[in-house]
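Asker: sequence unknown, structure follows:
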């Protein structure tokens, strides 16, 4: 009893001393201490596997959504809106850097990355890309989720209007458009004057590098979203430290189109786009992914097939892979990325047959090196971690190119009339 009383007395005296110590703090110091504690707690929650605090509500990102970055070549996007203070005092490079800045924390739930150039790729490019733009508008507007559509315009053809001046961009308080243009000078720095005119995966890497979304989905300029994707977004189904792929039919000519290949009229309605890619597997707000798939040499061709149409991961997870491989890559680069995630980095891969996007039908295009059959990749050695196919640190996404001096262009806007 005496011992217990002595221990209690010791605790009491220590508490009294601690109270006296705390009382010596000023209110300002206590406020800073509380702020630091809250900041550390938020960072811990954000880094966990569970959805972070920004993701759990529809408007969760709005507190960090910085409208002042809506600058394009020195002019504000909205003609009648109040302009950011001291806009006239900003140097062109400051505006350019603001446009490219990915931010310390995400400003959007999702960034949709696609690569395009105005060259009528595979025929009827105009209506296919317009449908893809409109489908992303509908995704943001119908789910009431902050989304960024980031188009990488790679090596624009001379004598043709650019992507910004050719397509319709409807205005939504939930969707922001950004176009990063990689000029011919930078293209030739990477590939010389020979070879393909557009580098899809280098372009997607630029998008991954500068994206402002918490989750980044790399897709193509002719893919449209299904009701499943709408449901997955409102259900906040995506997780960190995970790659997501989906079933996708091959991009070949068909007499009768399979389910995930669709033929959509130009300028169809938003509901028409959803009906064209009509996969809807779950009740609203209840979308669920299957368990991650164990990838081996018997199933990788299925899980990573046509992954260029849909590969999604958290922004931090994309950084772990260092994007798609650039140096030495030939074909199946999208598949190689999935295998690198699963085998080299031990990142789980979730593969779903609940279609999230459909590919619009177009003429078959034979790409350079398509007959190489990925002969530079030994999947068995990749699986055993004997071969690693990753970019060197700082050697992807134009990190090794002087992008300001070589004319990389960036513009960000909300679309519509802007009044």
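Answerer: It's in. What you see is a predicted model, and the numbers here were worked out from it, not measured in a lab.

Asker: Tell me which residues of stretch 195-204 come out buried.
Answerer: Neighbour-count burial for stretch 195-204, counted by 16 or more other CB atoms under 10 Å, picks out 198, 199, 200, 201, 202, 203, 204. For the C-beta atoms, the positions are set from N, CA and C on the backbone; glycine is no exception.

Asker: sorry, that was for stretch 170-186
Answerer: Across stretch 170-186, burial judged by 16+ other CB under 10 Å covers 171-172, 174-184, 186.

Asker: Return the member of the buried residues of stretch 195-204 nearest to residue 91.
Answerer: The nearest member of these to residue 91, counting by CB to CB, is residue 203 at 27.3 Å.

Asker: do you know how far the residue nearest the centre of the chain is from residue 123?
Answerer: In the chain, the residue lying closest to the centroid (CA atoms, centre = their mean) is residue 216, at 1.9 Å. Residue 216 sits 29 Å away from residue 123, going by CB to CB, to the nearest Å.

Asker: Poorly predicted segments of the stretch 151-300 of the chain, please.
Answerer: Scanning the stretch 151-300 of the chain for pLDDT under 70 picks out no residues.

Asker: Then residue 36 would be within a strand, right?
Answerer: No. Read with DSSP: H, G, I helix; E, B strand; the rest coil, residue 36 is helix and lies in no strand.

Asker: mind checking pLDDT for it?
Answerer: Residue 36 carries a pLDDT value of 70.

Asker: number of nearby residues for it?
Answerer: Look at residue 36: counted by other CB atoms under 10 Å, it has 10 neighbours.

Asker: circling back to that earlier point, mark which of the buried residues of stretch 195-204 are part of strands, please.
Answerer: The strands, defined by DSSP state E, take in nothing from the buried residues of stretch 195-204.

Asker: Looking at those residues, which one is closest to residue 296?
Answerer: Distances from residue 296 to those, taken as CB to CB, are shortest for residue 201 (24.4 Å).

Asker: Return the residues in contact with the spatially closest residue to that closest one that is not a sequence neighbour.
Answerer: Distances taken as CB to CB, 6 or more residues apart in numbering place residue 324 nearest to residue 201, at 3.8 Å, with adjacent residues excluded. Counting by CB atoms under 8 Å, 6 or more residues apart in numbering, residue 324 makes contact with 201, 202, 204, 205, 333, 334, 336, 337, 396.

Asker: now with 7 Å?
Answerer: The contact partners of residue 324, by CB atoms under 7 Å, 6 or more residues apart in numbering, come to 201, 204, 205, 333, 337.

Asker: for residue 167, same thing?
Answerer: Residue 167 sits next to 129, 130, 133 when contact means CB under 7 Å, 6+ apart.

Asker: Could you tell me how many residues sit around the last one?
Answerer: The one in question is residue 133. Residue 133 is flanked by 25 other residues according to other CB under 10 Å.

Asker: Give the phi and psi angles for it, as a check.
Answerer: In terms of degrees, to the nearest 10, the main-chain angles of residue 133 are phi -60, psi -50.

Asker: and it, how far is that from residue 204?
Answerer: Taking CB to CB, one finds residue 133 at 17 Å from residue 204.

Asker: Same check on the first one?
Answerer: The span separating residue 129 from residue 204 equals 16 Å under the rule CB to CB.

Asker: The stretch 151-300 of the chain: strands as residue ranges?
Answerer: Along the stretch 151-300 of the chain, counting by DSSP state E, counting those that start in this stretch, strands occupy 175-182, 213-218, 223-225, 243-246, 261-262.

Asker: just the stretch 301-419 of the chain next, same as before
Answerer: Under DSSP E, counting those that start in this stretch, the stretch 301-419 of the chain gives strands at 311-314, 349-352, 357-360, 409-413.

Asker: I'd like the ones you listed as CSV, with mean pLDDT and mean neighbour count appended.
Answerer: Shown next, in CSV, are the strands of the stretch 301-419 of the chain (pLDDT from 0 to 100; neighbours: other CB atoms under 10 Å):
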stretch, mean pLDDT, mean neighbour count
strand 311-314, 98, 24
strand 349-352, 98, 21
strand 357-360, 96, 25
strand 409-413, 93, 20
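
Asker: quick one: which of those is nearest residue 256?
Answerer: It's strand 357-360; of the strands of the stretch 301-419 of the chain, that one is closest to residue 256 (CB to CB) at 15.3 Å.

Asker: Would you mind listing the outside residues contacting that closest one?
Answerer: For strand 357-360, contacts defined as CB under 7 Å, 6+ apart pick out 128, 131, 219, 222-226, 229, 248, 251, 260-264, 276-277, 309-310.
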